[in-house]
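> Using only what follows, build the 3D model:
(one chain, ligands or ions: 2)
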Amino acid sequence: MIPLTEAQQVVLDRCAPLGTVTLPLVEALGCVTAGAVTAAEAVPAFDNTAMDGYAVRAADTASAPVTLEVVGTLAAGAAPERAVGASEAVRIMTGAPIPPGADAVIMVERTRALEGGGRVVAEASVPAGNHVRRAGEDLQAGTVVFQPGEVLQPAHVGVLAGLGIHAVEVVRRPRVGVVSTGDELVDGPEPLALGQVRDSNRYSLLSLVSEAGLEGVDLGLVRDDPEAIRAAIARGVETCDAVLTSGGVSMGDYDCVKVVLDEMGEMSWMQVAIKPAKPFAFGLVGGTPVFGLPGNTVSSMVSFELLARPALRQMMGHTQLHRPRVQATAAAPLRRRPDGKIHFARVVWSYSGGRYEVRSAGGQGSHQLSALAAANGLAVLADGHGAEPGDVVELIRLHEFSRGGWHR
Ligand code: AMP
Ligand code: MG
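Ligands and ions are numbered 1, 2, ... in the order given. Just a heads-up that it's a prediction; the model follows:
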């Protein structure tokens with residue numbers, strides 16, 4: 001067996017970032033910038049008001065309360081038609097440009113309109129610059145807004161749109177083909193004959209691919225037949241940037257993914273010192289990374305999480321490849337036996353009283369996928385006897401936003 005970190009390094013060394021592509025803004029979320037982005041204009045583009053109220057000369061309000069002549073109205077989007085003179089005010093709405101002559105805004109709540117709005121009483125004095133948002137206060141023209149390597153989150157997309165930048169150069173999003181292998185597998189809802197198993201890995205893996213912001217390609221379900229497997233993998237490496245296979249990489253008599261991949265490319269066959277997901281294969285077929293994931297339902301997903309996802313993120317230009325780990329306290333026993341492996345237990349975590357607590361999400365067999373569905377994290381159990389209540393373990397939080405965890 002080899003340590004997980006060694007297996008991860010084998011993979012990462014062979015999965016370089018892809019080339020770049022210019023994407024419309026609406027497709028760029030989650031991608032990584034390939035070049036620097038510079039602001040061609042200032043944001044805001046002009047001095048404007050942060051409040052609904054009156055644009056005034058601050059000096060006029062020094063002896064408040066004071067009555068001012070209202071000489072106009074400026075809605076957001078309107079350009080000032082005249083300047084504000086001494087003892088004058090312009091009614092102004094949030095976002096409208098500060099008219100020439102004015103140097104402050106008095107919010108409407110500090111005023112009292114007279115005679116149907118022709119005059120207004122400023123009831124408080126305001127300093128120069130009051131509620132004025134200066135041009136360039138968010139971004140100055142010429143500023144480098146994003147360096148290469150920036151992950152485009154929703155706020156980044158908003159910043160780009162706010163600058164009138166509607167196409168952005170990013171590292172290409174890998175296309176990832178997924179193929180299931182196994183004579184026992186069936187796709188669809190027909191009743192099962194004895195010995196048949198429904199193909200779930202292709203669906204869970206394509207979902208992981210999609211959740212990771214990658215483009216999934218369904219390469220179908222193939223029999224344990226070398227020719228069929230060869231054809232599916234050949235199609236995958238031609239049309240995709242990476243291929244995931246599930247099943248056929250362990251020690252069984254019909255594990256022919258192994259035989260076929262050895263013929264097609266430079267493969268490394270690994271027994272990784274983890275549970276679940278010990279068997280793992282990786283190599284390049286015609287230069288395209290191929291991940292041979294184990295067939296057990298939980299194993300294939302954990303293998304993706306620990307070995308495929310980091311590499312696919314690297315191909316996409318990310319530098320943070322692994323999910324962050326936090327320390328958590330076992331709220332109930334998480335038992336295991338010593339076997340030289342790190343165990344990744346399916347757990348449910350909650351955060352309360354300033355600490356994470358974990359407990360088992362259910363059956364820990366590598367075929368018990370419902371416990372992974374019930375889990376929102378993986379607890380990392382070092383070789384040994386596991387954790388007793390109160391023991392501290394490392395926790396990998398999965399899909400944090402989609403589940404609530406448990407509460408006492
Ligand atoms: P294998 O790695 O091909 O020996 O498969 C190990 C176990 O995982 C067997 O019980 C298979 O039936 C099961 N299995 C393999 N592929 C899938 C799949 N795509 N969906 C669900 N179970 C699978
Ligand atoms: Mg099989």
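> number of nearby residues for residue 71?
Applying other Cβ atoms under 10 Å, we find 19 other residues in the vicinity of residue 71. Glycine gets a C-beta too; all of them are placed from N, C-alpha and C.
> how about the closest residue to residue 250 other than its chain neighbours, what does it touch?
Among residues not flanking residue 250 along the chain, residue 279 sits closest, at 4.5 Å (Cβ to Cβ, 6 or more residues apart in numbering). Contact analysis of residue 279 by Cβ atoms under 8 Å, 6 or more residues apart in numbering lists 249, 250, 251, 269, 270, 271, 272, 292, 294, 299.
> at 7 Å instead, please
By Cβ atoms under 7 Å, 6 or more residues apart in numbering, the contact set of residue 279 is 249, 250, 271, 294.
> could I get those residues as JSON lines with neighbour count and pLDDT?
Below are the contacts of residue 279 laid out as JSON lines (neighbours: other Cβ atoms under 10 Å; pLDDT from 0 to 100):
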{"residue": "249", "neighbour count": "25", "pLDDT": "87"}
{"residue": "250", "neighbour count": "18", "pLDDT": "81"}
{"residue": "271", "neighbour count": "14", "pLDDT": "97"}
{"residue": "294", "neighbour count": "25", "pLDDT": "96"}
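> Touching stretch 169-179 from outside, list them.
Residues outside stretch 169-179 that contact it (Cβ under 7 Å, 6+ apart): 17-23, 28, 31-35, 152, 202, 205-206, 209, 213-220, 222, 232, 236, 239-245, 312, 315-317.
> any chance you could map the helices in this structure?
Assigned by DSSP state H, the helices in the chain fall at 4-12, 154-162, 201-211, 226-239, 256-264, 297-303, 309-315, 369-374.
> most neighbours per residue, which of these?
Highest mean neighbour count among the helices of the chain (mean count of other Cβ atoms under 10 Å): helix 297-303, with a mean of 26.
> Quickly check: it near ligand 2 or not.
No: taking Cβ under 5 Å from the ion as the criterion, helix 297-303 and ligand 2 are apart, separated by no less than 11.2 Å.
> quick one: that helix to chain centroid distance?
Computed by Cα atoms, centre = their mean, to the nearest Å, the chain-centroid distance of helix 297-303 equals 21 Å.
> what do you get for stretch 31-42?
Computed by Cα atoms, centre = their mean, the separation of stretch 31-42 from the middle of its chain amounts to 19 Å.
> picking up where we left off before, let's have the helices of the chain in TSV, adding distance to residue 398.
Listed next are the helices of the chain as TSV, based on distance: least, Cβ to Cβ, whole Å:
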stretch	distance to residue 398
helix 4-12	17
helix 154-162	21
helix 201-211	10
helix 226-239	26
helix 256-264	27
helix 297-303	10
helix 309-315	11
helix 369-374	9
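> and these, which one's lowest on average pLDDT?
Comparing mean pLDDT across the helices of the chain, the weakest is helix 256-264, with a mean of 92.
> Run through who's touching that one.
The contact list for helix 256-264, computed with Cβ under 7 Å, 6+ apart, reads 181, 224, 226, 229-230, 233, 245, 247-249, 267, 269, 281, 283, 285, 290, 292.
> can you narrow those to ones near ligand 2?
Applying Cβ under 5 Å from the ion to those, one finds that 247, 248 fall near ligand 2.
> Of the contacts of helix 256-264, grab the buried ones for ChimeraX.
Here is the ChimeraX selection string for the buried members of the contacts of helix 256-264, based on 16 or more other Cβ atoms under 10 Å:
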select :181,224,229,230,233,245,247,248,249,267,281,283,285,290,292
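> how about the residue in the stretch 201-350 of the chain that ligand 1 sits nearest to, what does it touch?
In the stretch 201-350 of the chain, the residue that lies nearest ligand 1 is residue 295 (2.5 Å; Cβ to the nearest ligand atom). For residue 295, the contact set (Cβ under 7 Å, 6+ apart) comprises 182, 201, 246, 247, 248.
> Name the nearest residue to the fourth one, ignoring sequence neighbours.
Spelled out, that is residue 247. Using Cβ to Cβ, 6+ apart and skipping residues adjacent in sequence, the residue nearest residue 247 is residue 295, 3.3 Å away.
> next one: residue 249
residue 292 (4.3 Å).
> which of the contacts of stretch 169-179 are buried?
Buried subset of the contacts of stretch 169-179 (neighbour count, 16+ other Cβ under 10 Å): 17-18, 20, 23, 28, 31-34, 152, 202, 205-206, 209, 213-214, 216-217, 219-220, 222, 232, 236, 240-245, 312, 315-317.
> Show me these that map onto strands.
Using DSSP state E, 20, 23, 216, 217, 219, 220, 222, 242, 243, 244, 245 are the members of those that sit in strands.
> mind putting those in JSON lines, distance to residue 99 and pLDDT included?
Shown next, in JSON lines, are those (distance: Cβ to Cβ, whole Å; pLDDT from 0 to 100):
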{"residue": "20", "distance to residue 99": "45", "pLDDT": "98"}
{"residue": "23", "distance to residue 99": "40", "pLDDT": "98"}
{"residue": "216", "distance to residue 99": "55", "pLDDT": "97"}
{"residue": "217", "distance to residue 99": "57", "pLDDT": "97"}
{"residue": "219", "distance to residue 99": "64", "pLDDT": "97"}
{"residue": "220", "distance to residue 99": "66", "pLDDT": "97"}
{"residue": "222", "distance to residue 99": "71", "pLDDT": "97"}
{"residue": "242", "distance to residue 99": "58", "pLDDT": "98"}
{"residue": "243", "distance to residue 99": "63", "pLDDT": "98"}
{"residue": "244", "distance to residue 99": "62", "pLDDT": "98"}
{"residue": "245", "distance to residue 99": "67", "pLDDT": "97"}
